[in-house]
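[1] following is a predicted model, sequence given first.
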Amino acid sequence: MKKFLTILGIILTFFIIYFLQANFFTWFTIAGVMPNLFIILVIFIGLFIGKKSGLVFGLLFGIYLDLLIGKSIGISGIMLGLIGLLSEYIDKNFSKDSRLIIMLIVAVSTAIYEIGIYAFQIIRWKAMLEILPFLKILGIEVFFNVILVIIIYPIFQKIGYMVENLFKTKQFLTRYF
């Protein structure tokens with residue numbers, strides 16, 4: 001029951017983040033660039049829940065986002081799923097206690113996501129390759145996401161360890177209670 005409620009809470013958090021992304025952060029931009037909170041959520045899921053949940057939630061959330069606002073369905077799902085899978089791998093090799101590591105994970109994941117989306121748009125829509133404006137937007141978005149992670153890190157870590165204990169611990173029923 002606790003796992004179900006946690007998954008329901010993650011889905012509710014997704015919709016809250018969607019509301020923040022669509023309404024609140026349109027007012028607070030840096031040079032017209034908003035943060036991408038969905039990347040942070042998928043990293044959270046991959047780091048603390050594991051068991052390929054980052055991949056599954058990334059795919060589902062990305063496809064839902066593509067259905068709502070995307071020009072082509074699937075690319076956001078693929079990129080968010082890749083980030084979820086990558087954060088599961090990072091969980092096994094790096095410490096989640098270090099704020100610097102989490103900041104680097106968010107910076108690299110944001111860059112991977114945006115480069116993947118941009119490359120797909122160039123290939124699919126035969127758009128023109130404009131490196132400098134893209135690098136400017138990428139730098140601002142990475143900076144914005146890292147600043148937000150610095151702010152929400154204590155909450156991120158506390159909730160993350162509670163969720164991790166729920167999903168990653170083995171609970172055995174013994175013969176003698």
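    Cool, the structure landed.
[2] report the contact partners of the residue nearest the centre of the chain.
    Taking C-alpha atoms, centre = their mean as the criterion, I39 is the residue nearest the geometric centre of the chain, at 2.3 Å. Contacts for I39 were tallied using C-beta atoms under 8 Å, 6 or more residues apart in numbering; they are L80, I83, V106, S109, T110, Y113, N145. Where C-beta positions appear, they are placed from N, C-alpha and C, glycine not excepted.
[3] any chance of those residues in CSV, plus secondary structure and pLDDT?
    Formatted as CSV, the contacts of I39 follow (DSSP: H, G, I helix; E, B strand; the rest coil; pLDDT from 0 to 100):
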residue, secondary structure, pLDDT
L80, helix, 93
I83, helix, 94
V106, helix, 94
S109, helix, 95
T110, helix, 95
Y113, helix, 94
N145, helix, 94
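[4] highest neighbour count among these?
    With neighbours defined as other C-beta atoms under 10 Å, the most crowded of the contacts of I39 is L80; it has 32 neighbours.
[5] not counting sequence-adjacent ones, nearest residue to Y153?
    Sequence neighbours aside, R99 is the residue nearest to Y153 in space, at 5.5 Å (criterion: C-beta to C-beta, 6 or more residues apart in numbering).
[6] need the helices for the protein, in chain order.
    Taking DSSP state H as the criterion, the chain contains helices spanning 2-19, 37-48, 53-69, 75-93, 99-125, 131-168.
[7] list the buried residues in the last one.
    Think helix 131-168. Neighbour-count burial for helix 131-168, counted by 16 or more other C-beta atoms under 10 Å, picks out 137-138, 140-142, 144-146, 148-149, 156-157, 159-160, 163-164, 167.
[8] just the fifth one next, same as before
    With burial defined by 16+ other C-beta under 10 Å, the residues of helix 99-125 counted as buried are 102-103, 105-107, 109-110, 113-114, 116-118, 120.
[9] where does pLDDT dip in this structure?
    70, 169-177 (pLDDT under 70).
[10] do that again at 50, thanks
    Within the chain, not a single segment meets pLDDT under 50.
[11] my read: E114 touches E141, true?
    Yes. If you go by C-beta atoms under 8 Å, E114 and E141 touch, sitting 6.4 Å apart.
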